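> What follows is a protein structure lacking sequence information:
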Ligand SMILES: O=C(O)[C@H](O)[C@H](O)[C@@H](O)CO
Ligand SMILES: [Mg+2]
């Protein structure tokens, strides 16, 4: 079988979008104290879909949400010529060829995200070619079902956050993640606002459920050092991305000073990036996203590393490209799960583009043994709300 064509299209959302509230989520831009929507560059309101076609008429689907229009250009101009004419089952060779050919600029960030999208499509193709779900090509079913944590709870009015947390409890989730809305620029009053919301959510869910705390790179080392002792009483399952992704030594310093697991990795790339995080004992939970980190070819290597280092892998975002890694690896105990709702930040846009993502039932989800490949198809339900090009 040979790859004959590679196509990339950007799905740009033009439909109804919920406008952000002030202080709904800290992020890396906050420390600059600029005005306006500082989360703007972290929206996922466009998504690039990659299709890889073979001479046997099979089409594999990949996706990328980081800088989608740039990723499209990278796929079309640089990556497609490297894989066309080759057998998709030579996926390690093809990954190395894409990685090494673009090494000067593509080993992290949007270059690696574009490689990830092509790699996802190749794995989708391989599954379809042998009529097996991708997880069966990775090690098979190592768990009956995948435990997942509900992930939203952006910072807002306390009563609204408590009502949302209660909804997840009522739906059977025994784990959920909330976002902090305040950081260094908001001083002691902002710290109190952060702590009030953690306490309020704990009041609703109790202590027999996991509560994860998300900073999304919006704090700094000093602020995190001061917040961690105040957070320990709430027994968080982890504190996520307290500092920017390049501050690996900052992650390691925080990990040394607290009993709270520090998590990260959704902005790290390839097994080399995660070797650094592991060797420096920077994170206690790995959270790569398979549509960024280097696709399935890279993610499976990181799962192997994580297993021997004893660090759990709980990928960013859930979504099918990550669920297959979690299902097939002992190193991955659970998955993130974005509820489907009106478009806001855009993590949820995946549901508007693709069909096939499983719905969590009672806080658990399963993958279908009889659906080959990644198990995704393109949805035609919301096409009127997208500009596709
Ligand atoms: O961990 C996450 O889910 C990410 O950091 C979110 O995608 C991001 O939008 C911040 O909530
Ligand atoms: Mg995160």
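Good, I have the coordinates. Everything numeric in this text was worked out from a predicted model, so none of it was measured. Ligands and ions are numbered 1, 2, ... in the order given.
> excluding its backbone neighbours, what's nearest residue 22?
Distances taken as CB to CB, 6 or more residues apart in numbering put residue 181 closest to residue 22, at 7.9 Å, once the chain neighbours are dropped. In short, each C-beta sits where N, CA and C put it, glycine included.
> Need the pLDDT of that neighbour.
Confidence at residue 181, expressed as pLDDT, is 97.
> Leaving out the residues flanking it, which one is nearest to residue 153?
Nearest to residue 153 is residue 178, by CB to CB, 6+ apart, at 3.6 Å.
> wait, the one you found sits on residue 214?
Yes - using CB atoms under 8 Å, residue 178 is in contact with residue 214, at 6.7 Å.
> out of these two, which sits in the busier spot?
Higher neighbour count among residue 178 and residue 214: residue 178, with 27 against 22, using other CB atoms under 10 Å.
> and the more buried one, how far is that from ligand 1?
10 Å (CB to the nearest ligand atom, to the nearest Å).
> tell me which strands and helices the helix or strand where that residue lies is in contact with?
Element membership of residue 178, judged by DSSP states H and E, is strand 175-179. Contact here means 3 or more CB pairs under 8 Å, 6 or more residues apart in numbering; DSSP states H and E; on that basis strand 175-179 packs against strand 146-151, helix 158-170, helix 187-205, strand 210-214.
> Any chance of TSV for the ones you listed, columns distance to ligand 1 and mean pLDDT?
Formatted as TSV, the helices and strands packed on strand 175-179 follow (distance: least, CB to the nearest ligand atom, whole Å; pLDDT from 0 to 100):
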stretch	distance to ligand 1	mean pLDDT
strand 146-151	5	98
helix 158-170	14	98
helix 187-205	14	98
strand 210-214	6	99
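> Residue 221: which of the ones you listed is closest?
Among those, the nearest to residue 221 by CB to CB is helix 187-205 (15.2 Å).
> Check which helices and strands that closest one sits against.
helix 158-170, strand 175-179, strand 210-214, helix 221-231.
> Deepest-packed of those, please.
Mean neighbour count (mean count of other CB atoms under 10 Å) peaks for strand 175-179 among the helices and strands packed on helix 187-205, with a mean of 25.
> how many neighbours does the closest residue to residue 16 other than its chain neighbours have?
For residue 16, ignoring the flanking residues on the chain, the nearest one in space by CB to CB, 6+ apart is residue 342 at 6.3 Å. Neighbour count for residue 342, taken as other CB under 10 Å: 9.
> and residue 169, what does it touch?
Contact analysis of residue 169 by CB atoms under 8 Å, 6 or more residues apart in numbering lists 204-205, 209.
> Make a markdown table from those and add neighbour count to it.
Shown next, in a markdown table, are the contacts of residue 169 (neighbours: other CB atoms under 10 Å):
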| residue | neighbour count |
| --- | --- |
| 204 | 18 |
| 205 | 20 |
| 209 | 19 |
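> And stretch 349-360, end to end?
The first residue of stretch 349-360 is 17 Å away from its last residue (CA to CA, to the nearest Å).
> Next, report how far that stretch is displaced from the centre of its chain.
14 Å (CA atoms, centre = their mean, to the nearest Å).
> for the record, mean pLDDT for that stretch?
Here the average pLDDT along stretch 349-360 is 97.
> when you give positions from now on, start the count at 232
In the new numbering, first residue 232, that becomes stretch 580-591.
> what's next to it, contact-wise?
242, 244, 246, 275-276, 278, 280, 292, 294, 296, 379, 381, 402, 404, 548-551, 554, 568-569, 571, 574, 596-599, 602, 605-610, 612-613, 616-617.
> Residues of the stretch 232-381 of the chain that sit close to ligand 1?
By CB under 6 Å from any ligand atom, the residues of the stretch 232-381 of the chain that approach ligand 1 are residue 256.
> Name the SS class of the residue lying closest to residue 284 once chain neighbours are set aside, please.
What sits nearest to residue 284 in space, not counting adjacent residues and going by CB to CB, 6+ apart, is residue 236, at 4.4 Å. Assigned by DSSP: H, G, I helix; E, B strand; the rest coil, the conformation of residue 236 is strand.
> Could you tell me how many residues sit around residue 236?
Neighbours around residue 236, by other CB under 10 Å: 12.
> for residue 463, same thing?
There are 12 residues near residue 463, going by other CB under 10 Å.
> Next, the buried residues of stretch 484-497.
In terms of neighbour count (16 or more other CB atoms under 10 Å), stretch 484-497 has its buried residues at 484-486, 489, 491-497.
> Now do the helices in this protein.
299-305, 311-314, 322-332, 334-337, 341-361, 365-369, 389-401, 418-436, 452-462, 479-488, 501-510, 526-540, 551-558, 581-584 (DSSP state H).
> so how far is the longest one off the chain centroid?
By that I understand helix 341-361. 16 Å.
> coming back round to it: what are the phi and psi values for the residue nearest to residue 253?
Per-residue torsions, residue 412: phi -110, psi -10 (degrees, to the nearest 10).
> Residue 386 is in contact with that one, correct?
Yes - counting by CB under 8 Å, residue 412 does reach residue 386; the two are 2.8 Å apart.
> Overlap of the contact sets of the two?
With CB under 8 Å, 6+ apart, residue 412 and residue 386 have common neighbours 254-256, 424-425, 428.
> Of those residues - the most surrounded one?
residue 425 (27 neighbours).
> so what's it up against?
Neighbours of residue 425 in contact, by CB under 8 Å, 6+ apart: 386, 411-413, 458.
> how close does the residue sitting nearest the centre point of the chain sit to ligand 1?
Most central in the chain under CA atoms, centre = their mean is residue 547, positioned 2.6 Å from the mean C-alpha point. Using CB to the nearest ligand atom, residue 547 is found at 5 Å from ligand 1.
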